[in-house]
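Student: This is a predicted model, with the sequence first.
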2 protein chains.
Amino acid sequence: MPQSWSPTSKLYTLDPDSISFDPDLTGCDVIEHAIEECRRHISLNAGVAKDPDLPEVERIQIQVEDQSCEGYPKMEDSEAYELSVEDNYEILLSADSIWGVVRGLETLSQLVYTSEQNTYLINETTIEDFPRFQHRSLMIDTARHFLSVSVILKIIDAMSWDKFNVLHWHVVDDQSFPYPSRTFPELQEKGAYTPYHMYTQSDVTLILNEARLRGIRVIPEFDTPGHTWSWGQSHPELITPCWGKGLEGGPNVPNFPEHGAEEIVNPMLETTYSFLEELFREIVADFPDEYIHLGMDEVYYACWKSNPNITQWMEEMEFGDYAEVEQYYSNRLINITEELGSKYIIWQDPIDNNVTVDMNTLVTIWKDSKNNQDDPWQMHMEHVAKKGYKMLLSAPWYLNVITYGEDFREYYAIEPTNFTTDPELQALVVGGEACIWAEYLDGTNILSLLWPRASAIAERLWSAKEVNDIEEAKYRLDQQRCRMLRRGIPTKPIMNGYCGDYEWEFDEDHAAGSSASDAVLGHGALLFCALLLSAIAHRFG
Amino acid sequence: MPQSWSPTSKLYTLDPDSISFDPDLTGCDVIEHAIEECRRHISLNAGVAKDPDLPEVERIQIQVEDQSCEGYPKMEDSEAYELSVEDNYEILLSADSIWGVVRGLETLSQLVYTSEQNTYLINETTIEDFPRFQHRSLMIDTARHFLSVSVILKIIDAMSWDKFNVLHWHVVDDQSFPYPSRTFPELQEKGAYTPYHMYTQSDVTLILNEARLRGIRVIPEFDTPGHTWSWGQSHPELITPCWGKGLEGGPNVPNFPEHGAEEIVNPMLETTYSFLEELFREIVADFPDEYIHLGMDEVYYACWKSNPNITQWMEEMEFGDYAEVEQYYSNRLINITEELGSKYIIWQDPIDNNVTVDMNTLVTIWKDSKNNQDDPWQMHMEHVAKKGYKMLLSAPWYLNVITYGEDFREYYAIEPTNFTTDPELQALVVGGEACIWAEYLDGTNILSLLWPRASAIAERLWSAKEVNDIEEAKYRLDQQRCRMLRRGIPTKPIMNGYCGDYEWEFDEDHAAGSSASDAVLGHGALLFCALLLSAIAHRFG
């Protein structure tokens, strides 16, 4: 819901094919892409035309204040826009930045609807809109299960329709290392599940570019010092050997379920930090965002405790407990990151362990009683806020944790500032994040698990605090579900019913019949046809 | 798991393209289809060939005892088969009936695997196999959300890989009536969501034929007397008017949440029974199975109680309570069904209400403490068994009820006879049913919700009682998931990991890259390319 939206009952019509989009900034790929998408999305319903009896909007004027088009979106960039459907047969969209234009055109594509007579309608409308929170993110996990690039691109696409503006890419973990480091290609070669489960440099570039066109930042997470089993496949020296059977048993021995044979980064070796410096130098260079995510969650001390070399080193360093080891590691990594010129996000765990990190750190709250932790997220928010850190809330928004029925109600009901009445502490909340961990999902089910459940969170993060009536929101969510379905995402139903003339796989039914239409085809198929035709042209040309 | 399976370490190879399938019954569409599917499924992995260093199986001999090929599968038909990979370079498959051939060829397609050198392997093997339960069914609901025919056909396909043998089609309900009755076309015209959400007669025929080819019976459910709101859209006279505000308020008045304005079939009118007789005459004629499902669940009495005409009629009929009304309705409908020559299945509710139904009735147990009922399913089974009815168990197998994590463990752990130690009562269990109610699902997510979770239930219903080690079954389930994925069903992951060289949407990635291969394309795309090429040929030819 826009921050301010005043529709009247006065109706206009339009023709998405002929309507003219006139930006005052030309040649900007972001705006051109957004126009193309807006036009395409409006025209998705076949057989709809303009209404001959209504005044026609023939022109969409687009004004953008900051005319810079190069570069990637940043957290502080304005996404505000104003949109009015006015009585001079024009639509006026004005924005501070190109990102506001992207958001405004998405809104415009959602304002146009189809009458029962199959004509395009739009009401006279004035909208002033801006996001409540700067950071509205979705986390995907490509380590527990690999996600194909086409699935990631679909996620990015759908995110933009919900006005999410950050893709947090939890790219590697214990289970696999699909990321293509140029500095250390062996991380992927030995750490990925198979050669089929690897991203290429051009995959990464494609994902960054497609995200930028939609005003979406991409923040990669290279989680250390825990969650690094896959790193050790090529760099065993990085990982602390655990002495699971005491001194007699020697190193690299597990003690389940306390720890495995190798469990966690080895914090005592200088080679660890020179390795991390090289790796993060590449990551910071390759990812344009100001932030990277350093992970730092679930640093279980059991393996460090088992290792006599760590014990001896701690004595030398005069560390009284393992939190000091964690602090040492955190400080070293944060210093590396800062020297590389990057800002950083971490999970809340170091703060819980009384580790002090730099005050610029953005801390993500993921613990909640629903995630098998003792305390509700509000306690965790309060704890971290009182230490003065800026925060993102993700704890109540773990979309992988499924329950039967209308769980979107719970997501929608969350008020991220509802952990204190102190406005100064509330002001530390810079946004929130929907997370979808991949233990039990992959390309087969991630899209229907994400949507429209994530849309409820997106509205919570964009719209005003006062927009909180779930009974009203439910129908907007259902509309957004059907809209996304029409745009090609298998969003799952949230209530009994149907989506007008279009449901998932209707195309296949029609394809099986006599009329093969364009609508049957995905991008891949069209591309293939193009390649085929081009090959034919070469052969016979 | 087969009832008896003795593989040795002796290896053979084969070539799915050249291997000869030699049935002693030729010209039988069921066997020919099963052979084609077996050959196709074995060859799905591109780039695999026979191993030149291993003995090659060149012939699959198929012997079938009962050589009748016409007709549809019946509950008492044998699905037993014996399969042996023998040292004379032949595979011998023998079965009592064509349905056993279908089951055996499915098993054979699962016995062939691929070596690391990309060659086909099969071990010397002897299998004797038959199902533990006769009735192994999956229920789909096309009323809360419409399922496209292509989705239903995919479900039937995947069912056959799990050796399910009954599709229970809960085709209509309160929400919509997508079924195309020829006798009463207005039921669909006014009861379906929209003209897009309707099945045609040829859809029904297609579904029946595709199911038959896979040895799957199709049992339609036309649930009465409750769950009939959509029927009343065209036939309001069928439905009891509720008097929600007492006598002064008049008829057709709701009293939420007790009842709506019209709630349940009107049992007092003879026109009700003549209508049902005409409708079921058509259903029994059109569905070849011996059974139809009469529903009869959730007969809430509140609306009947509110209606003064029902009260007066009960006095005339000397009915002491509403269970007698239910009994009257049940008897009338069962008599109609019997006169039409059909057997029938009902949900357990009439039995719970002390309604006595015919002893031939097959009763499905759906109530469980997990379904918000007070008692565990074992209590319900015992109660119904003691009345001597034959039973199907579905209560613990509601696949629409989702929880996070490895819920297949619970499904697998269910032992349907575990409600008594009395072998006579245990013998009343003729099978079980996985149900997937469609309140929160449709074509977007039903396949990944069904599979591989349904596979755990399928193994429970097919394999011996003693095959119950979930730690072993887990890996079979994961294999079956990957097998189904390769065959085109988006089965969801049940543990961390990957499926070899193939994951969902890998094709789309490859399509976007430089090497467009056949594997990239779906049927629609190929059709489109063919049309395009044909158009080009015309233009430049």
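Tutor: Everything's here; your move.

Student: all strands in the stretch 101-250 of chain A, in order from the N-terminus.
Tutor: In chain order, the stretch 101-250 of chain A shows strands spanning A:113-114, A:120-129, A:135-141, A:166-170, A:217-224, A:239-241, with DSSP state E, counting those that start in this stretch as the criterion.

Student: Go through the ones you listed and name the closest to chain B.
Tutor: Chain B sits nearest to strand A:135-141 of all the strands of the stretch 101-250 of chain A, at 10.3 Å, using CB to the nearest CB. C-beta here means a position set from N, CA and C on the backbone, and glycine is covered the same way.

Student: For the helix or strand where A:Leu93 lies, give the mean pLDDT please.
Tutor: For A:Leu93, the element it lies in under DSSP states H and E is strand A:90-95. Confidence over strand A:90-95 (mean pLDDT, whole number) is 97.

Student: what number of residues lie near A:Glu76?
Tutor: 7 (other CB atoms under 10 Å in any protein chain shown).

Student: Name the nearest residue to it, sequence neighbours excluded.
Tutor: Sequence neighbours aside, A:Gln134 is the residue nearest to A:Glu76 in space, at 7.0 Å (criterion: CB to CB, 6 or more residues apart in numbering or on different chains).

Student: Now do that neighbour against A:Arg217, distance only.
Tutor: 11 Å (CB to CB, to the nearest Å).

Student: again with A:Trp231
Tutor: Shown here: A:Trp231 relative to A:Arg217, a distance of 25 Å by CB to CB.

Student: Repeat that for A:Asp501.
Tutor: Relative to A:Arg217, and taking CB to CB, A:Asp501 is found at 36 Å.

Student: Between these two, which has more neighbouring residues?
Tutor: More neighbours surround A:Arg217 than the other of A:Asp501 and A:Arg217, with 24 against 16 (other CB under 10 Å).

Student: overlap in contacts of A:Gln134 and A:Arg217?
Tutor: Counting by CB atoms under 8 Å, 6 or more residues apart in numbering or on different chains, the common neighbours of A:Gln134 and A:Arg217 are A:Met75.

Student: Would you mind listing where the stretch 351-500 of chain A has pLDDT under the threshold?
Tutor: A:371-373 (pLDDT under 70).

Student: Now do the strands in it.
Tutor: Across the stretch 351-500 of chain A, reading from the start of the chain, the strands by DSSP E, counting those that start in this stretch fall at A:362-365, A:390-393, A:429-436.

Student: What strands line up against the second one, and which way round?
Tutor: Strand A:390-393 has these partner strands in its sheet, going by DSSP bridges: strand A:362-365 (parallel), strand A:429-436 (parallel).

Student: ok, the closest residue in space to A:Gly244 that isn't next to it in sequence to A:Ile239 distance?
Tutor: Leaving aside its sequence neighbours, A:Gly244 sits nearest to A:Asn255 (CB to CB, 6+ apart; 3.3 Å). If you measure A:Asn255 against A:Ile239 using CB to CB, the figure is 15 Å.

Student: again, but for A:Leu105
Tutor: Relative to A:Ile239, A:Leu105 is positioned 48 Å away (criterion: CB to CB).

Student: Between the two, which is the more surrounded one?
Tutor: More neighbours sit around A:Leu105 than around the other of A:Leu105 and A:Ile239, counting by other CB under 10 Å; the figures are 27 against 23.

Student: Tell me, how many residues neighbour the nearest residue to A:Ser43 once chain neighbours are set aside?
Tutor: What sits nearest to A:Ser43 in space, not counting adjacent residues and going by CB to CB, 6+ apart, is A:Pro16, at 4.2 Å. Here the count is done by other CB under 10 Å, and A:Pro16 has 18 residues near it.

Student: How is A:Pro16 assigned, secondary-structure-wise?
Tutor: Local secondary structure at A:Pro16 is given as coil here, using DSSP: H, G, I helix; E, B strand; the rest coil.

Student: got a pLDDT number for it?
Tutor: As predicted, A:Pro16 sits at a pLDDT of 94.

Student: quick one: A:Glu58 and A:Asp17 touch, right?
Tutor: No. Under the criterion of CB atoms under 8 Å, A:Glu58 lies out of contact with A:Asp17, with a separation of 11.9 Å.

Student: Now do A:Leu340 against A:Glu277, distance only.
Tutor: 8 Å.

Student: do the same with A:Val218
Tutor: 22 Å.

Student: Compare the two and say which one has the larger neighbour count.
Tutor: When A:Val218 is set against A:Glu277 and neighbours are counted by other CB under 10 Å, the residue ahead is A:Val218, at 22 against 16.

Student: residues contacting that one?
Tutor: A:Val218 makes contact with A:166-167, A:169, A:207-208, A:211, A:287, A:289, according to CB under 8 Å, 6+ apart.

Student: For those, which entry has the maximal number of neighbours?
Tutor: A:Ala211 (27 neighbours).

Student: ok, now how distant is that one from A:Ser342?
Tutor: Remark: distance between A:Ala211 and A:Ser342 (CB to CB) = 18 Å.

Student: One more: A:Tyr196?
Tutor: For A:Tyr196, the distance to A:Ser342 (CB to CB) stands at 31 Å.

Student: Looking at those two, which is more packed in?
Tutor: Counted by other CB under 10 Å, A:Tyr196 and A:Ser342 do not tie: A:Ser342 has more neighbours, with 20 against 17.

Student: In space, what's closest to A:Arg214 - neighbours in sequence excluded?
Tutor: Looking at A:Arg214 with CB to CB, 6+ apart, the closest residue is A:Ser160, at 3.7 Å.

Student: List the contacts of the one you found.
Tutor: Taking CB under 8 Å, 6+ apart as the definition of contact, the neighbours of A:Ser160 are A:102, A:106, A:214-216.

Student: Please identify which two of the residues you listed are farthest apart in space.
Tutor: For the contacts of A:Ser160, with distances taken as CB to CB, the pair at the greatest spread is A:Glu106 and A:Ile216 (11.8 Å).

Student: Which of the two has more residues huddled nearby?
Tutor: Set A:Glu106 next to A:Ile216 and count neighbours by other CB under 10 Å: A:Ile216 wins out with 27 against 20.

Student: That one is in contact with A:Trp161, isn't it?
Tutor: No. Under the criterion of CB under 8 Å, A:Ile216 makes no contact with A:Trp161, lying 11.3 Å away.
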